[in-house]
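**Student:** need the 3D shape of this:
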Amino acid sequence: MGETGPAHLEPSELGTKEYWDGTYAEDLSRTPPEPDSPLCGWFSDVSASSKILKYLSSPSLGLDKQSTSILDLGTGNGEMLFLLRQEGGFEGPMTGVDYSSQSVELCQTLAANKGLAEEALKFRLWDIMGFDAPESLAVYDVVLDKGTFDAVSLNQATDRLGKRICEGYCERIELLIKEGGILLVTSCNWTESELKRWFEHENLEPVDRIEYPVFSFGGQTGQSVCSVCFRKKSKA
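**Tutor:** Now for the predicted structure:
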């Protein structure tokens with residue numbers, strides 16, 4: 001994103017790997033392991049996960065539940081993929097990636113406890129903004145981001161050109177979306193218009209949004225959470 005992009009967020013510990021490693025390590029220490037991530041609080045008040053599930057299941061979107069491939073970026077405790085598989089009836093290949101090894105271990109443990117086979121639901125260690133993607137990653141019909149761009153935006157790290165790493169985020173993940181596939185970004189730090197400025201470019205176009213409860217404060221109205229759907233354009 002160039003100089004016309006939204007102003008950067010102030011750095012926070014919520015943007016550091018150390019913070020999330022500690023969070024998921026604490027989840028793993030419970031018997032049995034039980035997720036209690038701050039991300040749950042960020043989005044649970046507006047039932048974001050259930051709204052995302054309803055949106056992805058809508059006939060208007062036309063996703064084939066038996067074959068649609070789904071990638072969950074920054075999967076955390078795997079909640080979104082578990083919901084899609086167990087309650088949404090999505091049976092296609094699903095992969096969740098996270099840069100925290102504790103997150104991956106937690107997800108794998110929870111998946112085993114739920115009786116979900118590794119072949120159907122995979123969790124992999126990957127730093128989206130770091131090294132190249134694992135060879136097992138390909139391109140997907142649906143790529144989900146629920147709070148991951150928020151966390152990346154709170155990271156003060158910069159790239160070799162001195163730019164905040166969030167500026168290169170869209171470029172990295174666009175490569176993981178099939179032509180005609182969708183990217184659904186859910187945020188509690190960015191508005192709908194700001195997300196469009198971050199993600200809309202020559203290969204990605206905004207096509208829809210998810211409605212959330214509207215609040216009013218100081219004469220202004222808005223949503224505490226927003227989800228914007230982008231479609232990757234076909235080259236043909």
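
**Student:** so which residue is dead centre in this structure?
**Tutor:** residue 145 (1.6 Å; Cα atoms, centre = their mean).

**Student:** please export the C-alpha coordinates of whichever strand or helix holds that one as CSV.
**Tutor:** Following DSSP states H and E, one finds residue 145 within strand 140-146. Only the C-alpha atoms of strand 140-146 are listed here, as CSV (Å, rounded to 0.1, in the frame of the first residue of the first chain):
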residue,chain,number,x,y,z
TYR,A,140,-7.7,-21.8,-2.2
ASP,A,141,-11.2,-21.0,-3.1
VAL,A,142,-11.7,-19.1,0.2
VAL,A,143,-9.1,-17.3,2.3
LEU,A,144,-10.2,-16.1,5.8
ASP,A,145,-8.6,-13.5,8.0
LYS,A,146,-10.4,-12.8,11.3
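
**Student:** just checking: what are the partner strands of that strand?
**Tutor:** strand 70-73 (parallel), strand 177-187 (parallel) (DSSP bridges).

**Student:** may I have the last one exported as CSV, CA atoms only?
**Tutor:** Okay, so that is strand 177-187. In CSV, the C-alpha atoms belonging to strand 177-187 read as follows (Å, rounded to 0.1, in the frame of the first residue of the first chain):
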residue,chain,number,x,y,z
ILE,A,177,-6.3,-17.1,-3.6
LYS,A,178,-7.6,-18.9,-6.7
GLU,A,179,-8.7,-16.8,-9.6
GLY,A,180,-12.4,-16.1,-8.9
GLY,A,181,-11.8,-17.1,-5.3
ILE,A,182,-12.6,-14.8,-2.3
LEU,A,183,-10.8,-13.2,0.6
LEU,A,184,-12.9,-12.4,3.6
VAL,A,185,-11.2,-10.0,6.0
THR,A,186,-12.8,-9.3,9.4
SER,A,187,-11.4,-6.5,11.6
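
**Student:** where does this structure have its least confident helix or strand?
**Tutor:** helix 38-44 (a mean of 55; mean pLDDT, DSSP states H and E).
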